[in-house]
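**Student:** Have a look; sequence and predicted model below, questions after that.
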Protein chains: 6
Amino acid sequence: MLTHVDDKGVKMVDISEKSEVIRVAEAEGYIKLKRETIELIKENKLEKGNVLTTAQIAGIMAVKKTHELIPLCHPLPITSVNIDFEVFEDKIKCICKVKAKYKTGVEMEALAGVSVALLTIWDMVKSVEKKDGYKETEIYGIKIIKKIKM
Amino acid sequence: MLTHVDDKGVKMVDISEKSEVIRVAEAEGYIKLKRETIELIKENKLEKGNVLTTAQIAGIMAVKKTHELIPLCHPLPITSVNIDFEVFEDKIKCICKVKAKYKTGVEMEALAGVSVALLTIWDMVKSVEKKDGYKETEIYGIKIIKKIKM
Amino acid sequence: MLTHVDDKGVKMVDISEKSEVIRVAEAEGYIKLKRETIELIKENKLEKGNVLTTAQIAGIMAVKKTHELIPLCHPLPITSVNIDFEVFEDKIKCICKVKAKYKTGVEMEALAGVSVALLTIWDMVKSVEKKDGYKETEIYGIKIIKKIKM
Amino acid sequence: MLTHVDDKGVKMVDISEKSEVIRVAEAEGYIKLKRETIELIKENKLEKGNVLTTAQIAGIMAVKKTHELIPLCHPLPITSVNIDFEVFEDKIKCICKVKAKYKTGVEMEALAGVSVALLTIWDMVKSVEKKDGYKETEIYGIKIIKKIKM
Amino acid sequence: MLTHVDDKGVKMVDISEKSEVIRVAEAEGYIKLKRETIELIKENKLEKGNVLTTAQIAGIMAVKKTHELIPLCHPLPITSVNIDFEVFEDKIKCICKVKAKYKTGVEMEALAGVSVALLTIWDMVKSVEKKDGYKETEIYGIKIIKKIKM
Amino acid sequence: MLTHVDDKGVKMVDISEKSEVIRVAEAEGYIKLKRETIELIKENKLEKGNVLTTAQIAGIMAVKKTHELIPLCHPLPITSVNIDFEVFEDKIKCICKVKAKYKTGVEMEALAGVSVALLTIWDMVKSVEKKDGYKETEIYGIKIIKKIKM
């Protein structure tokens, strides 16, 4: 009805009639860090403390908040979240797997989990990375690697 | 058990045994604005930017937060939200339609969507309307216009 | 920089350089109810319990959430919220007064407080008002009645 | 996959395949207060106002937020919350009963409701209790008293 | 103005004119657990993972949410949160220290931090403690142990 | 005091004594999309509606929520947020600039704004991108490009 103004506006997709099946989505992403920072993470010597557990918890909590962060996402009864990390010499890979038995897929939830987990890693290692103005620090490679209905 | 104090307190209604059917509710409401403001909205010339899309998004997000705003509302699996506007010479009408397949109606969600969309319009046009202390600005006519079970 | 698309987008106003003074805003609004409902409120006989205290608390909490509800509102250090009601034969008036010592006014906060308090009254009396499909129920007259800098 | 670091991390339990049945949990807890404070509560003479209704509402709202407070709790479609108080000479007992038809129990929700209701009582009576540095004030005896599947 | 109804309602205390000084508060509390559970925590062998870091993070995040949980608490610019645990044979003690440079004390924030940290410990060890219906599990001794202005 | 368990835990950095100066941070990031999707965005023909304004609003709101998403971030009085996009043939660049007069930098806020704006673009174009399982869709290049104290 927005006929008098130059914009179609936005609309939440209607999923009322869709059937509830188990949906799984898996997303991954990376954060590039200094080798020095990676060493400090492995030795758990960073001032703010346990980097990866904090990032995991932040990621899990973000999955549950996806519909509050992304305007047109539906609220979802998340039944499982799994966040894992693989620590390389100069980067950390994060994988987030989400499940729900519901009317719509959970890929945005998995992507939100990865994104916030990686942001949290950044925050935990700020004191070391910021020395040169975050010249090397970078979040990248955020992708969907699996999406299935069961 | 509040027998020693002068107040019955409050109670969330128990909907555990109710059946899940598709519920629809539609609410409407108005904001009265200066003709000058309406012109600026139509021409998209307001400093803060796109008034109606911002109001739409705020309204949709508020629908999803209804149970956090209104103490005794149950959390609901919202499956659809539609917010539309009709722009008149000196007012804007907002209509919010909400759907959920659940145990209780969604009229409070539709009313919350309209209310927050209208508040957001107010915020977006503050710089123009506040010149005379908001003498004419007013939110009114917030009503339920449809409520059905399917 | 949105030069390739047909929309200027939105922008939060920059208040970084504004001075911090005490700001006060007062908003009011009404909800029209059946006389029968008003009687039940006065006698505290509604199934869900204490209507006005619940609405007051919901309104106060909404004031603190204004910047989460309205996209371009700044977070504010609210220092005082006062919500009062005046009960008439067929309507209730709500007044919300908000204070903060900050760089921007608190009128949106006062309006959000009134809106959510009135929505909460509606929710508390739903069982009585919905009998005829909310034919008479209406929220109206939401206005700013005072706005000062001290 | 956290093989390079000294920590197993955390994991949300997968409840995807569990059946949905009605779950009930009841928790209780106490707050110890001065006799003088209890008198003021009974006579509704505290500066901040109605202590128990405020605590009830805060507790109900906290039940709905449990999955945002406790990192590994699943979001739940709460269908009923009941919070009651018993006022003794020098303490108040709070009981919180929660229901949901879902795949996992609601004991954490009931415990969160009791905890936040008791914290809210503390906040409401601060002006009286803090005179001697909260020497006597104490929250204690938070337990699960019932947990059933129906 | 609530003269027509039997209730004074609630009111957020006005702190607009108070001066900003550094405020510190420290709260403590306990959770009673089975010896078996304590062993599993020490060995980090619980299914859900790292109990104490999860509880610490949940407590820190709850401190920041205090004004959303407790209706009449003011939003506060928290500048420091410290949560520590002492693990005994059959209980865990939690201490939460909060700082802010602001117009009002932070004791409710410290108490909220302790409460949510202890609730999170409970949630993390549910699978072991619930075997006998949480007969021994109990949160108790939540108190303010320090409160200073600097 | 976590001496009995194998983990140092986490700690929010104490910024109580830091001086309040204006802090600015700017972050950027990219989302790779199909050329077909970019065309639909430019012509505003996507089913869900206005992609970039929705992403802008989501990003601005996420900036205000940073301390709720990232466990050890302090709550901040954000005074300005600016989110812009540059649309290329097969990607969109997002830039987020944040300001606050406070005791700590705002780089995490700028990074959170970029991340959530890019996630929202993804969500808005899901119907087109998901046809081949999001083979090409990717969020990358999230970096800090400016960070100053004034």
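**Tutor:** That came in fine, so what should we check first?

**Student:** pretty sure residue A:96 contacts residue A:106?
**Tutor:** No - look at residue A:96 against residue A:106 with CB atoms under 8 Å: they stay out of range, at 10.1 Å. Backbone N, C-alpha and C define where each C-beta goes, glycine included.

**Student:** Check the secondary structure at residue A:29 for me.
**Tutor:** Following DSSP: H, G, I helix; E, B strand; the rest coil, residue A:29 is assigned to strand.

**Student:** can you check residue A:22 too?
**Tutor:** strand.

**Student:** how about the closest residue to it other than its chain neighbours, what does it touch?
**Tutor:** Once flanking residues are discounted, residue A:22 sits nearest to residue A:150: 4.1 Å by CB to CB, 6 or more residues apart in numbering or on different chains. Neighbour list for residue A:150: A:21-24 [criterion: CB atoms under 8 Å, 6 or more residues apart in numbering or on different chains].

**Student:** So among those residues, which ones count as buried?
**Tutor:** Buried residues within these, counting neighbours by 16 or more other CB atoms under 10 Å in any protein chain shown: A:22-24.

**Student:** and for stretch A:79-89, what are the contacting residues?
**Tutor:** A:35, A:38, A:41-42, A:52, A:55-56, A:59-60, A:63-64, A:92-101, A:113-114, A:117, D:1-2, D:4-5, D:9, D:11-16, D:74, D:103.

**Student:** Could you report the distance from residue A:102 to residue A:109?
**Tutor:** Going from residue A:102 to residue A:109 by CB to CB, to the nearest Å gives 10 Å.

**Student:** out of those two, which sits in the busier spot?
**Tutor:** residue A:109 (26 against 22; other CB atoms under 10 Å in any protein chain shown).

**Student:** Can I get the helix or strand hosting that one as CSV, trimmed to CA atoms?
**Tutor:** In the assignment (DSSP states H and E), residue A:109 maps to helix A:107-124. The C-alpha trace of helix A:107-124 is given here as CSV (Å, rounded to 0.1, in the frame of the first residue of the first chain):
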residue,chain,number,x,y,z
GLU,A,107,21.6,-21.2,7.9
MET,A,108,21.3,-17.7,9.1
GLU,A,109,21.6,-19.0,12.7
ALA,A,110,24.8,-21.0,11.8
LEU,A,111,26.3,-17.9,10.1
ALA,A,112,25.4,-15.7,13.0
GLY,A,113,27.1,-18.2,15.4
VAL,A,114,30.3,-18.2,13.4
SER,A,115,30.3,-14.4,13.0
VAL,A,116,29.9,-13.7,16.7
ALA,A,117,32.4,-16.4,17.7
LEU,A,118,35.0,-14.9,15.4
LEU,A,119,34.2,-11.3,16.7
THR,A,120,34.7,-12.6,20.2
ILE,A,121,38.1,-14.1,19.4
TRP,A,122,39.0,-10.7,18.0
ASP,A,123,37.9,-9.0,21.2
MET,A,124,39.8,-11.5,23.4
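
**Student:** So what are the sheet partners of whatever helix or strand residue A:95 lives in and their directions?
**Tutor:** Element membership for residue A:95, per DSSP H and E: strand A:91-102. Strand pairing for strand A:91-102, using DSSP bridges, gives strand A:21-32 (antiparallel), strand A:78-87 (antiparallel).

**Student:** tell me the most buried of the ones you listed?
**Tutor:** Mean neighbour count (mean count of other CB atoms under 10 Å in any protein chain shown) peaks for strand A:78-87 among the strands paired with strand A:91-102, with a mean of 22.

**Student:** any weak-confidence spans in chain A?
**Tutor:** Chain A contains residues with pLDDT under 70 at A:1-8.

**Student:** ok so, going back, show me just the buried residues among the contacts of stretch A:79-89.
**Tutor:** By 16+ other CB under 10 Å, these give A:38, A:41, A:52, A:55-56, A:59-60, A:63-64, A:92-101, A:113-114, A:117, D:2, D:5, D:9, D:11-13, D:15-16, D:74, D:103 as buried.

**Student:** quick one: contacts for the nearest residue to residue A:61 once chain neighbours are set aside?
**Tutor:** Nearest non-adjacent residue to residue A:61, counting by CB to CB, 6+ apart: residue D:71, 5.7 Å away. Residue D:71 makes contacts with A:57, A:60-61, D:10, E:54, E:57-58, E:120, as judged by CB under 8 Å, 6+ apart.

**Student:** can you redo the residues you listed as JSON lines with secondary structure?
**Tutor:** Below are the contacts of residue D:71 laid out as JSON lines (three-state DSSP):
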{"residue": "A:57", "secondary structure": "helix"}
{"residue": "A:60", "secondary structure": "helix"}
{"residue": "A:61", "secondary structure": "helix"}
{"residue": "D:10", "secondary structure": "strand"}
{"residue": "E:54", "secondary structure": "helix"}
{"residue": "E:57", "secondary structure": "helix"}
{"residue": "E:58", "secondary structure": "helix"}
{"residue": "E:120", "secondary structure": "helix"}
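
**Student:** Which single one of these is nearest to chain C?
**Tutor:** residue A:61 (16.4 Å; CB to the nearest CB).

**Student:** Which one of the strands paired with strand A:91-102 lies nearest to residue A:133?
**Tutor:** Distance to residue A:133, taken as CB to CB, is lowest for strand A:21-32 among the strands paired with strand A:91-102, at 14.5 Å.

**Student:** now that closest one, how far from the chain's geometric center?
**Tutor:** 8 Å (CA atoms, centre = their mean, to the nearest Å).

**Student:** cool, and stretch A:105-117?
**Tutor:** Distance, centroid of stretch A:105-117 to centroid of chain: 4 Å (CA atoms, centre = their mean).

**Student:** Now for residue A:75: which residues touch it?
**Tutor:** A:67, B:64, B:75-78, D:75.

**Student:** Leaving out chain neighbours, which residue sits closest to residue A:99?
**Tutor:** In this structure, residue A:99 finds its nearest non-sequential neighbour in residue A:80, 4.0 Å apart by CB to CB, 6+ apart.

**Student:** swap that for residue A:93, please
**Tutor:** Per CB to CB, 6+ apart, closest to residue A:93 is residue A:86, 4.3 Å.

**Student:** re earlier: what is the orientation angle of the helix holding residue A:109 with strand A:78-87?
**Tutor:** Counting by axes from the mean of the first three to the mean of the last three CA atoms, to 10 degrees, helix A:107-124 lies at 40 degrees to strand A:78-87.

**Student:** wait, does helix A:107-124 contact chain F?
**Tutor:** Yes - using CB under 8 Å from any CB of the partner chain, we find that helix A:107-124 touches chain F at A:107-108, A:111-112, A:115-116, A:119-120, A:122-124.

**Student:** Farthest pair within these?
**Tutor:** The widest separation within those (CB to CB) is 26.1 Å, between A:107 and A:124.

**Student:** ok, those two, which is more surrounded?
**Tutor:** Neighbours were tallied for residue A:107 and for residue A:124 using other CB under 10 Å; the higher tally belongs to residue A:124 (28 against 25).

**Student:** From residue B:58, how far out is the more buried one?
**Tutor:** Residue A:124 is 33 Å from residue B:58, by CB to CB.

**Student:** Same question for residue A:140.
**Tutor:** For residue A:140 relative to residue B:58 (CB to CB), the value is 32 Å.

**Student:** Quick check: the two most widely separated of the contacts of residue A:75?
**Tutor:** Applying CB to CB across these, the maximum distance is between B:78 and D:75, 13.1 Å.

**Student:** What is the burial count for the nearest residue to residue A:27 once chain neighbours are set aside?
**Tutor:** Of all residues beyond its chain neighbours, the one nearest residue A:27 is residue A:110 (3.8 Å), with distances taken as CB to CB, 6+ apart. Neighbours of residue A:110 under the rule other CB under 10 Å: 31.

**Student:** now do residue A:136
**Tutor:** Counted with other CB under 10 Å, residue A:136 comes out at 14.

**Student:** So what does it look like in phi/psi?
**Tutor:** phi -100, psi -20 (degrees, to the nearest 10).

**Student:** Hmm, residue A:35 and it touching each other?
**Tutor:** No - using CB under 8 Å, residue A:136 is not in contact with residue A:35, being 9.8 Å away.
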